[in-house]
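Chemist: Predicted model and sequence below, questions to follow.
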Amino acid sequence: GQQLNQSPQSMFIQEGEDVSMNCTSSSIFNTWLWYKQEPGEGPVLLIALYKAGELTSNGRLTAQFGITRKDSFLNISASIPSDVGIYFCAGQLAGNQFYFGTGTSLTVIP
Amino acid sequence: DSGVTQTPKHLITATGQRVTLRCSPRSGDLSVYWYQQSLDQGLQFLIQYYNGEERAKGNILERFSAQQFPDLHSELNLSSLELGDSALYFCASSWGAREADTQYFGPGTRLTVL
């Protein structure tokens, strides 16, 4: 299947620091989504991006749909302990196929 | 609580067996999606139903099948189970048919094949 390369694989940061993670692919996507998953729970949608170049914020989270439509990034500003979890990107190809990145595990040290 | 319910929460079975996972979408949602999450393959989209009809198909094996019933609940059937089918299976629902519509995920069913 399609490969979404998500990096970094894991991050250990101090509370208050900013976080940046990204997803890249060799394919062109119509939609990019960012999810957060906590232990024992299903993923929760954080941000959805529908147009190339689109920059969208959700509180301390900001995500952008890359101009080439092959990448996206997610930034978290002023991290707090409850930001801990695994963050997944997902891309939708034409034809309604959805593919997920391998996840970025975030640990916030108080 | 997303409003999506999945049963059972845990399922342990043997190779070669068949199991059925059940999902009830949020009230008012017409689309149901099934995903498989395993350690080596990550989160993979399997199949989507919208208002009883199959709408999109992902990496779903031929041994797996799904359906959505008139009351909009959905079942995922896994047959001839193999060790590699051990995974978390998530159901998600959304109001519309667009896959990019906000999907609400259930808590998942953890399947262990021994």
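Modeler: Yep, it's here.

Chemist: Give the pairing partners of the strand or helix carrying residue B:92; include direction for each.
Modeler: Assessed by DSSP states H and E, residue B:92 sits inside strand B:87-94. Using DSSP bridges, the strands paired with strand B:87-94 are strand B:31-38 (antiparallel), strand B:104-105 (antiparallel), strand B:109-113 (antiparallel).

Chemist: what about stretch A:72-88, average pLDDT?
Modeler: For stretch A:72-88, mean pLDDT rounds to 96.

Chemist: List the buried residues for that stretch?
Modeler: A:72, A:73, A:74, A:76, A:79, A:83, A:85, A:86, A:87, A:88 (16 or more other Cβ atoms under 10 Å in any protein chain shown). C-beta coordinates here come from the backbone N, C-alpha and C atoms, glycine included.

Chemist: Please apply the same query to stretch A:93-100.
Modeler: Going by 16+ other Cβ under 10 Å, stretch A:93-100 has these buried residues: A:93, A:96, A:97, A:98, A:99, A:100.

Chemist: same check, this time on stretch A:23-32
Modeler: A:23, A:24, A:25, A:29, A:30, A:31, A:32.

Chemist: Okay, strands next: where are they in chain B?
Modeler: Here chain B has its strands, by DSSP state E, at B:5-7, B:10-13, B:19-24, B:31-38, B:42-50, B:53-57, B:64-68, B:74-78, B:87-94, B:104-105, B:109-113.

Chemist: What of chain A?
Modeler: Counting by DSSP E, the strands of chain A are A:5-7, A:10-14, A:19-24, A:31-37, A:44-49, A:55-58, A:61-65, A:71-76, A:85-92, A:98-100, A:104-109.

Chemist: how about a markdown table for these, with distance to residue B:114 added?
Modeler: Output for these, formatted as a markdown table (distance: least, Cβ to Cβ, whole Å):
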| stretch | distance to residue B:114 |
| --- | --- |
| strand A:5-7 | 31 |
| strand A:10-14 | 30 |
| strand A:19-24 | 35 |
| strand A:31-37 | 26 |
| strand A:44-49 | 31 |
| strand A:55-58 | 42 |
| strand A:61-65 | 40 |
| strand A:71-76 | 38 |
| strand A:85-92 | 26 |
| strand A:98-100 | 27 |
| strand A:104-109 | 28 |
